[in-house]
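In: Fold the following and give me the result.
(3 chains)
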Amino acid sequence: MKISSLLEKVRQQKPLIHHITNWVTIYDCANIVKVLGASPVMAHAPEEAAEMTGIADALVLNIGTLTNELIKVMIIAAMRANKKNIPIVLDVCGAGATKFRDEKIVELLDHAKINIIKGNASEIARVAGIDVCTKGVDSTEVYADLILVAQNLAVQRECVVVVTGEIDIIVSKDKCFKVKNGNKMMSQVVGTGCMAASVIGTFAAVGDDLAEAACAGLCAYEIAAEQAAALASGPGTFKERLFDCLCCLDSATVDAAQRVE
Amino acid sequence: MKISSLLEKVRQQKPLIHHITNWVTIYDCANIVKVLGASPVMAHAPEEAAEMTGIADALVLNIGTLTNELIKVMIIAAMRANKKNIPIVLDVCGAGATKFRDEKIVELLDHAKINIIKGNASEIARVAGIDVCTKGVDSTEVYADLILVAQNLAVQRECVVVVTGEIDIIVSKDKCFKVKNGNKMMSQVVGTGCMAASVIGTFAAVGDDLAEAACAGLCAYEIAAEQAAALASGPGTFKERLFDCLCCLDSATVDAAQRVE
Amino acid sequence: MKISSLLEKVRQQKPLIHHITNWVTIYDCANIVKVLGASPVMAHAPEEAAEMTGIADALVLNIGTLTNELIKVMIIAAMRANKKNIPIVLDVCGAGATKFRDEKIVELLDHAKINIIKGNASEIARVAGIDVCTKGVDSTEVYADLILVAQNLAVQRECVVVVTGEIDIIVSKDKCFKVKNGNKMMSQVVGTGCMAASVIGTFAAVGDDLAEAACAGLCAYEIAAEQAAALASGPGTFKERLFDCLCCLDSATVDAAQRVE
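Out: Residues are numbered from 1 along each chain as shown, chains lettered A, B, ... in the order given. Here you go, the predicted structure:
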């Protein structure tokens, strides 16, 4: 896969990525889109969520700090995105932690077609209907065959499923990629998971195949993370360097460093 | 203009700057006021917004993630600020992106006297009634004569109008300044526009002339940005350095580096 | 006191720290818990706040951007924390700034048993019933005998009281510690106070004695701040380094650098 060609397309087309996301990492989500050379926007008022989606090229939803009101707005925006035929990424942040979260995820999935579902192993397992115990928003070990779980969910919901972890898994009905890039420092700082969903949304906005776009986005992001980790003295400086490195990432480096299978 | 004398006044008087702002850059807005040596406060409950404004020296409003409820609170706070005669800065973030935003800006302007309206070229053009198409919260090209547009708005609303861009324009009924400081890295990271409004509010809190205060604030902020860009390896490290540089900015440097016309 | 043994316990047990906090520093609160090796979670929907508290090891409340709705959710979560017998830390951020804040603090204290009340000198004095004037969320001078004030509050509310400042004071009914670590750069950047409450909550989750846990947490955090200040060129880089240094803090250093009395 030619990761760099999609990265260049992002930088040329500068897609507008609308987010309805959580209050913890909302800045990070906006900024990671910005440093990619694209445009983020965040608008959660019910009165403008559909109109803002109407000028956007992709929609990113994240239930990290969901409320009933926010889910309603997500559905409004998602229905508009479906009508406009732009991709929707849903980060099922904290799935399995409470019944409320699990119910609201189903509500979202039942009201609009979500194109890409993204989560860590325990979150995706939960959304796929497996009885796992989630510890807040951090991943816990899952013993089931993750690829099978993800593929079943992908078929059931007719979507791409992204499972982030040491090795990321991206599956659709008929494709399966593994991304082996990345650095363990990503799991030592808040926001890297949420930003991954924003990056995926940005690449999905310019790509033809959503599984390939998700794979290319994750791969570019994680190569930047590898570079950032080499320059960092801990999770604080790592995150600032991650913004630097993704902004400066060049095509030759990406294609040489990619470890996609 | 003696930029440094207002900067020193900020550091001596340590004004309290109340914000009702967006959830994306709320931290940045608070922190930029803090590193200037002043005190930020953010309070959006309708029950306390007026009282908090009552102990503040300036009010900064930003509609980046507006809701109906938040606009109501902004009006409550703005009316109190008018009564107390402290300056109000309104960042018309995302003006033109949706009808809701445009309507709520008019509602704000009609219910309280806003002393300084701040936006990028397309936002200000939209508030001035020109039919421009805004791409989310990022600026798009405007072909009209920006200074004329800004001056008309300044006369119509009896306020100072600040148009940020490569060259910033500050106009009032009878004054016009251009600030040529700054660095293009400011447009590669989320938050620099919102922080500019907070800096303007902080300088307005201690200045006698609002156009001069807005000009001095922007100028000091953008000189710090020039210094930060020289120390940064990308947008992530740039933003941290911007806080460092604004905190450490000394008077002699400011007056030597200013490029105000 | 052996600070390092509690730090190691945090890293081994990785407690889950639930927050209902303000929108300004919500990221910082999550991240400081994460870099300690523990797990943060933030959930403010009334439908899930109790359930999320039910899987947490401590609850941190912060009224920085309180609303009526948020206080109701805090009470729901706090009652569950009491039932589950996990510690609750309340950061009385901005106490004294408005009547609304003061009333809501009393409402919280009357509806649930708060185990640790944390604030700066003027905030704690206000909660203790002393007539001080607070300037937004920053501390103002307090002339009364702080230790006496804090002890009275600790007895009245049967809790630990933490007063942050150049010298931090931690008192319970029968204990009193002073922490002399820290650096003045902590007061030049937004978020250090809120993060202190999150650190205290994280240590309280694994400690047997809450006064000792609060003291150990503050001490470790402020030793990291000393290290960060030595590496920083201003408040921006200081904060990133603080995350790095707390993440990398080793036991021998902590025990050698501690200045607890």
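In: which residue of chain A sits farthest from its center?
Out: Distance from the C-alpha centroid of chain A, by C-alpha atoms, centre = their mean, peaks at residue A:233 (26.3 Å).
In: Tell me the spatial nearest neighbour of that residue, not counting adjacent residues.
Out: Counting by C-beta to C-beta, 6 or more residues apart in numbering or on different chains, residue A:233 lies nearest to residue C:244, which is 5.0 Å off, once chain neighbours are set aside. Using the backbone N, CA and C atoms, a C-beta is placed for each residue, glycine as well.
In: check contacts around that neighbour.
Out: Each residue near residue C:244 by C-beta atoms under 8 Å, 6 or more residues apart in numbering or on different chains is listed here: A:232, A:233, A:234, A:235, A:236, A:237, C:35, C:228.
In: What residues does chain A have near chain B?
Out: Contact residues, chain A versus chain B (C-beta under 8 Å from any C-beta of the partner chain): A:16, A:18, A:23, A:26-27, A:30-31, A:34-35, A:39-45, A:47-48, A:51-52, A:55-56, A:239-245, A:247-248.
In: 6 Å - rerun?
Out: A:16, A:23, A:26-27, A:30-31, A:34-35, A:39, A:41-42, A:45, A:47-48, A:51-52, A:240, A:243-244, A:247-248 (C-beta under 6 Å from any C-beta of the partner chain).
In: Can you tell me which of those residues end up in helices?
Out: Here DSSP state H is the test, and the residues of chain A next to chain B give A:26-27, A:30-31, A:34-35, A:51-52, A:240, A:243-244, A:247-248 as lying in helices.
In: For these, pick the one with the most neighbours.
Out: When neighbours are taken as other C-beta atoms under 10 Å in any protein chain shown, the top entry among those is residue A:26 (31 neighbours).
In: just the strands in chain A please.
Out: With DSSP state E applied, chain A shows strands at A:16-20, A:39-42, A:58-62, A:88-91, A:116-120, A:160-164, A:168-171, A:176-179, listed in chain order.
In: Mean neighbour count and mean pLDDT added to those strands, as JSON lines?
Out: Below are these laid out as JSON lines (neighbours: other C-beta atoms under 10 Å in any protein chain shown; pLDDT from 0 to 100):
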{"stretch": "strand A:16-20", "mean neighbour count": "28", "mean pLDDT": "98"}
{"stretch": "strand A:39-42", "mean neighbour count": "25", "mean pLDDT": "98"}
{"stretch": "strand A:58-62", "mean neighbour count": "29", "mean pLDDT": "98"}
{"stretch": "strand A:88-91", "mean neighbour count": "29", "mean pLDDT": "98"}
{"stretch": "strand A:116-120", "mean neighbour count": "28", "mean pLDDT": "97"}
{"stretch": "strand A:160-164", "mean neighbour count": "28", "mean pLDDT": "97"}
{"stretch": "strand A:168-171", "mean neighbour count": "25", "mean pLDDT": "96"}
{"stretch": "strand A:176-179", "mean neighbour count": "20", "mean pLDDT": "96"}
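In: In JSON lines: these, plus distance to residue A:73.
Out: Below are the strands of chain A laid out as JSON lines (distance: least, C-beta to C-beta, whole Å):
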{"stretch": "strand A:16-20", "distance to residue A:73": "6"}
{"stretch": "strand A:39-42", "distance to residue A:73": "11"}
{"stretch": "strand A:58-62", "distance to residue A:73": "10"}
{"stretch": "strand A:88-91", "distance to residue A:73": "14"}
{"stretch": "strand A:116-120", "distance to residue A:73": "19"}
{"stretch": "strand A:160-164", "distance to residue A:73": "23"}
{"stretch": "strand A:168-171", "distance to residue A:73": "28"}
{"stretch": "strand A:176-179", "distance to residue A:73": "31"}
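In: and which of the ones in helices among the residues of chain A next to chain B is nearest residue C:115?
Out: Among those, residue A:26 lies closest to residue C:115 (C-beta to C-beta), at 30.3 Å.
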